[in-house]
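J.: Pasted the sequence and its predicted model underneath.
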Protein chains: 2
Amino acid sequence: MKKIALLPSGSVSHEAILYLLNGEPVEFVHHKLISDVFMSTVEGKSDYSVIPIENTIEGSVSLHMDWLVNEVDLPMQVEWVYPSIQNLIGNAAEFQSNDGTMDYSKITKIWSHQVATAQCRQFLAKAAPQAELEQVGSTSEGVKIVKENPGQGWAAIGTSLGAATHGLNVLAERITDHDNNYTRFVLIGREPISVNRSPEHIKTSILVTLPEDVPGALHQVLSAFAWRRLNLSRIESRPTKKKLGNYYFYIDVMAAADSVLLLAAMGEIEALGCLVRVLGTYPGYAYESEKMEVK
Amino acid sequence: MKKIALLPSGSVSHEAILYLLNGEPVEFVHHKLISDVFMSTVEGKSDYSVIPIENTIEGSVSLHMDWLVNEVDLPMQVEWVYPSIQNLIGNAAEFQSNDGTMDYSKITKIWSHQVATAQCRQFLAKAAPQAELEQVGSTSEGVKIVKENPGQGWAAIGTSLGAATHGLNVLAERITDHDNNYTRFVLIGREPISVNRSPEHIKTSILVTLPEDVPGALHQVLSAFAWRRLNLSRIESRPTKKKLGNYYFYIDVMAAADSVLLLAAMGEIEALGCLVRVLGTYPGYAYESEKMEVK
């Protein structure tokens, strides 16, 4: 059975990989630190690592990208998006009013990761302005604290999987102010992985380091894609670790790395004096919204 | 006296703004949540808010950028970089060996923000592999916990300002694996601010939303900058909140918004059917490394 390293049980990473695998049996190896998630596969203790790569509250996207670029030499094997759904979690019995509805005014403290809390600001200001907001290192940690301290009117913000893991109730579903927050994940590992889903597209992630900081150099690089009608779905400049003001570009191209056009474009960019490195060429999976209910 | 809203006392934001102000007297208003830091200036309770905008462990860059774009309509007034220096912090007396050197093998637990811990992975694996790593919501929270629980061999990872704030010692300086981690900050507010420093450059941050997802559209936009030799120091695609797969581009241009060339470029880009929004035009300050010692 394949081993997959990821963040703690009940994290968004955990919900997201369960969604991707669609029932495929695997063994999960949970780690508190994203660096340990990376290293698990690097050191051969796991086959794949689940890495949030865009729009995540679990760790730091820039740190994860730096790791992919500087510390780890494992290709991306699959990419998928999963909604970042936060819920108000607690013991429902503590907050029920006589008519059976939830009385959020009974909440004294709300525990969560600070970014999750910030994403639910409007809901909290309206539903439970009296509640004190407490920060912890992850949403699953907050749920655990609430579980371990019953009867005090405490609640947490986290995933419904986190609530289920700790035997608590979802008091209010999807309390994030913007309902369309999606996190992008990749699996890194040595071998391709097959999942029970139809891919939406094939994508290639490349790093381009420009020869020097010259105006228009990026434009020249993009020309190589543009006239071939290769669509870019993401482009991001990132400072190199070498020198401040020295940048590389992270570019996602909607084509396979061995396609004639992309091979030609990369060859041309190298001929311009740029360094090109392929981080992975892989299928990408969309999130099917009819499966939105994660129970 | 100007009021400045920012994250808690002892945070990197706090060290960074003290560096920028260079002795200028201001009043600080600390908030636990970045959303409250933003809202403080929006609601007129402060004159400026300190927002980490690139390469930060305090909150989430993508969340902060989404706020700047979607929730807040305050211009950026100044930009500066500050090194993200993490230190091992504790009560030195607890870890001193007989010859006066630090004995890290006496450390039982290390409290910090998970991203800070991940950034110090190599140091920790070498110096204190026995220590249990505990996650908290911010580095300053970790320092506070260590202060409140003396005699147990606990240490924290955080800023030297955090150590000073809580009356603890820096046991080991600059323990991050890469010494060249810089965080980029902006001050947002209604009025320009003058600081006791010489700016390195003038920069303009703009948002460009492409008319539709067409191959080469970004290339067309960049052409408008390239042939005018306007240098871009950052470019980043970000999903809009409207629809998945719909992107805007965040672009930093090394020119003032009222310069002839940039005005012309923006006009041309609008004529192509793009939406252009100026997020700010402001001086940028480099970090002078001779002042690296933050005591």
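T.: Good, I have the coordinates. Quantities reported herein were computed from a predicted structural model and do not represent experimental measurements.

J.: Go through stretch A:69-85 and flag the buried ones.
T.: A:69, A:71-72, A:74-85 (16 or more other CB atoms under 10 Å in any protein chain shown). In this view, the C-beta of every residue, glycine as well, is placed from N, C-alpha and C.

J.: for chain A, what helix or strand is lowest in average pLDDT?
T.: helix A:61-66 (a mean of 78; mean pLDDT, DSSP states H and E).

J.: Any part of that helix near chain B?
T.: Yes: part of helix A:61-66 sits near chain B under the criterion CB under 8 Å from any CB of the partner chain, namely A:Val61, A:Ser62, A:Leu63.

J.: hmm, which of these are the buried ones?
T.: Among the residues of helix A:61-66 next to chain B, those scoring as buried are A:Val61, A:Ser62, A:Leu63 (criterion: 16+ other CB under 10 Å).

J.: List the contacts of the spatially closest residue to the second one that is not a sequence neighbour.
T.: If you skip the residues right next to it in sequence, A:Ser62 has B:Asn55 as its closest partner in space, 5.2 Å away by CB to CB, 6 or more residues apart in numbering or on different chains. B:Asn55 sits next to A:Ser62, A:Pro239, B:Val61, B:Ser84, B:Asn181, B:Tyr182, B:Thr183, B:Arg184 when contact means CB atoms under 8 Å, 6 or more residues apart in numbering or on different chains.

J.: rerun that using 7 Å as the cut-off
T.: A:Ser62, A:Pro239, B:Asn181, B:Tyr182, B:Thr183, B:Arg184 (CB atoms under 7 Å, 6 or more residues apart in numbering or on different chains).

J.: helix or strand for A:Tyr19, which one?
T.: If you go by DSSP states H and E, A:Tyr19 is part of helix A:12-21.

J.: That helix vs chain B: in contact?
T.: No: using CB under 7 Å from any CB of the partner chain, helix A:12-21 never reaches chain B; the gap is at least 12.7 Å.

J.: Give me the mean pLDDT for that helix.
T.: Helix A:12-21 shows a mean pLDDT of 93.

J.: next one: it to chain centre, how far?
T.: Computed by CA atoms, centre = their mean, to the nearest Å, the chain-centroid distance of helix A:12-21 equals 10 Å.

J.: Is A:Lys109 in contact with A:Ala131, as I believe?
T.: Yes: counting by CB atoms under 7 Å, A:Lys109 does reach A:Ala131; the two are 6.1 Å apart.

J.: what's next to stretch A:96-109, contact-wise?
T.: A:94-95, A:127-128, A:130-132, A:134, A:152-155, A:171-172.

J.: got the residues you listed as JSON lines, with neighbour count and pLDDT columns?
T.: Shown next, in JSON lines, are the contacts of stretch A:96-109 (neighbours: other CB atoms under 10 Å in any protein chain shown; pLDDT from 0 to 100):
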{"residue": "A:Glu94", "neighbour count": "20", "pLDDT": "95"}
{"residue": "A:Phe95", "neighbour count": "21", "pLDDT": "94"}
{"residue": "A:Ala127", "neighbour count": "17", "pLDDT": "95"}
{"residue": "A:Ala128", "neighbour count": "24", "pLDDT": "95"}
{"residue": "A:Gln130", "neighbour count": "10", "pLDDT": "96"}
{"residue": "A:Ala131", "neighbour count": "20", "pLDDT": "96"}
{"residue": "A:Glu132", "neighbour count": "11", "pLDDT": "94"}
{"residue": "A:Glu134", "neighbour count": "18", "pLDDT": "89"}
{"residue": "A:Gln152", "neighbour count": "9", "pLDDT": "95"}
{"residue": "A:Gly153", "neighbour count": "19", "pLDDT": "96"}
{"residue": "A:Trp154", "neighbour count": "24", "pLDDT": "97"}
{"residue": "A:Ala155", "neighbour count": "28", "pLDDT": "97"}
{"residue": "A:Leu171", "neighbour count": "23", "pLDDT": "96"}
{"residue": "A:Ala172", "neighbour count": "19", "pLDDT": "95"}
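
J.: Which of these fall in helices?
T.: Among the contacts of stretch A:96-109, the ones falling in helices (DSSP state H) are A:Glu94, A:Phe95, A:Ala127.

J.: Which positions in stretch A:150-167 come out as buried?
T.: For stretch A:150-167, burial by neighbour count (16+ other CB under 10 Å) applies to A:153-166.

J.: Quick check: mean pLDDT of the longest helix anywhere in chain A?
T.: The longest helix of chain A (DSSP H) is helix A:260-271. Average pLDDT, helix A:260-271: 95.

J.: immediately after that helix, which helix or strand?
T.: strand A:275-285.
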